[in-house]
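Participant: Sharing a sequence plus its predicted fold:
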Amino acid sequence: MSVNSSSDDTIKIPTGIEFFDKQIGGGLYPGMVLFIEEVGAGGREFALTSVCKNAKAGEHRAHPSEVLYVSISSSPREVVRDVKLTFPHARLEDVLDSIKIKSLTELYFGKSIVPLSWVTDKRPSLKMLKESEKDLLTELVGVFDDVKEGSLVFLDSLSDLARLTRSRISWNDLVDFIKGLRKLCVKKNVLLFSLLTKDMLEKSYEEELLDQADGVLVFEWETEKEAITRWMYIRKLVGILPLLEKDKIAKYSVRIDPVEGFTISRFVRVL
């Protein structure tokens with residue numbers, strides 16, 4: 001993954017989505033960027049495209065920064081399947097080898113009614129039972145402590161973590177974790193993407209989570225005459241939003257290409 005530095009030594013990390021990177025001056029500043037997504041509207045595809053494009057760029061560098069996919073509820077096999085199905089016409093073998101995948105699926109389902117045999121190929125054991133008793137947020141702290149400086153990380157997903165506040169973790173613990181995670185990302189020059197399903201939380205809770213982030217990108221569907229279009233707009237983006245407002249850019253029309261993944265087909269300016 002390439003990491004660009006401006007003249008004042010402020011680091012930016014490219015998203016890998018070429019048109020968007022040109023619009024925002026080369027990339028995003030390190031920190032936490034949350035994607036609020038109507039189901040299927042493009043947030044996941046944005047993240048997967050960025051992960052794959054940055055992993056591909058890293059292949060040509062002697063010491064690439066880490067590209068990490070942290071999955072809460074999907075196994076590594078499922079992650080690879082999702083990536084391949086997102087880019088059905090792309091050659092991804094070398095790219096996938098460059099992506100580090102960390103799955104917490106056994107821990108996530110360990111205290112649920114779902115049999116572990118459904119979510120893992122491992123045979124149930126006493127060790128696995130003990131592992132399932134670990135605290136998920138504590139395990140995530142360990143994962144992020146080991147993240148290398150200048151990395152791109154996709155945490156899939158904040159929706160999974162928010163769902164656990166109904167039974168296993170407290171809301172305050174989740175908010176404190178997200179707040180601390182954002183600080184770690186800035187400290188280590190890490191760009192972190194994570195997804196939150198739109199309207200899955202009450203408005204006040206959703207706003208409290210969004211308030212912790214450096215950036216908030218919204219992905220939604222819109223019916224236009226006889227077509228249904230995906231749109232992306234930016235609610236918050238530290239250091240970047242002023243550039244877009246200067247150019248009077250309101251929102252982007254997006255589509256999912258079988259080779260390139262997430263692409264921007266046009267944008268709308270405020271007149």
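Facilitator: Perfect, I can see it now.
Participant: which residues of the protein score low on pLDDT?
Facilitator: The model of the chain has pLDDT under 70 over residues 1-9, 58-64, 123-133, 270-271.
Participant: Show the residue spans covered by the strands in it.
Facilitator: When assigned using DSSP state E, the strands of the chain occupy the ranges 4-5, 11-12, 31-37, 67-71, 100-103, 152-156, 191-197, 215-224, 227-237, 249-257, 261-269.
Participant: I'd like these as a markdown table, with mean neighbour count appended.
Facilitator: Where you see a C-beta, it was placed from the backbone N, CA and C, and this is true even at glycine. Supplementary listing: the strands of the chain in a markdown table, determined by neighbours: other C-beta atoms under 10 Å:
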| stretch | mean neighbour count |
| --- | --- |
| strand 4-5 | 12 |
| strand 11-12 | 19 |
| strand 31-37 | 25 |
| strand 67-71 | 23 |
| strand 100-103 | 18 |
| strand 152-156 | 26 |
| strand 191-197 | 24 |
| strand 215-224 | 17 |
| strand 227-237 | 16 |
| strand 249-257 | 18 |
| strand 261-269 | 17 |
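Participant: Arrange those strands in CSV, one row each, with distance to residue 181 as further columns.
Facilitator: Rendered in CSV, the data for the strands of the chain read as follows (distance: least, C-beta to C-beta, whole Å):
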stretch, distance to residue 181
strand 4-5, 23
strand 11-12, 18
strand 31-37, 6
strand 67-71, 11
strand 100-103, 14
strand 152-156, 8
strand 191-197, 7
strand 215-224, 14
strand 227-237, 17
strand 249-257, 27
strand 261-269, 24
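Participant: Residue 25: how many residues sit nearby?
Facilitator: 14 (other C-beta atoms under 10 Å).
Participant: Wait, it touches residue 242, no?
Facilitator: No. Counting by C-beta atoms under 8 Å, residue 25 does not reach residue 242; the two are 10.6 Å apart.
Participant: OK, contacts around residue 43?
Facilitator: Under the criterion of C-beta atoms under 8 Å, 6 or more residues apart in numbering, the contact partners of residue 43 comprise 35-37, 195, 217, 219.
Participant: nope, residue 184 is what I was after
Facilitator: Applying C-beta under 8 Å, 6+ apart, one finds that residue 184 lies in contact with 144, 190.
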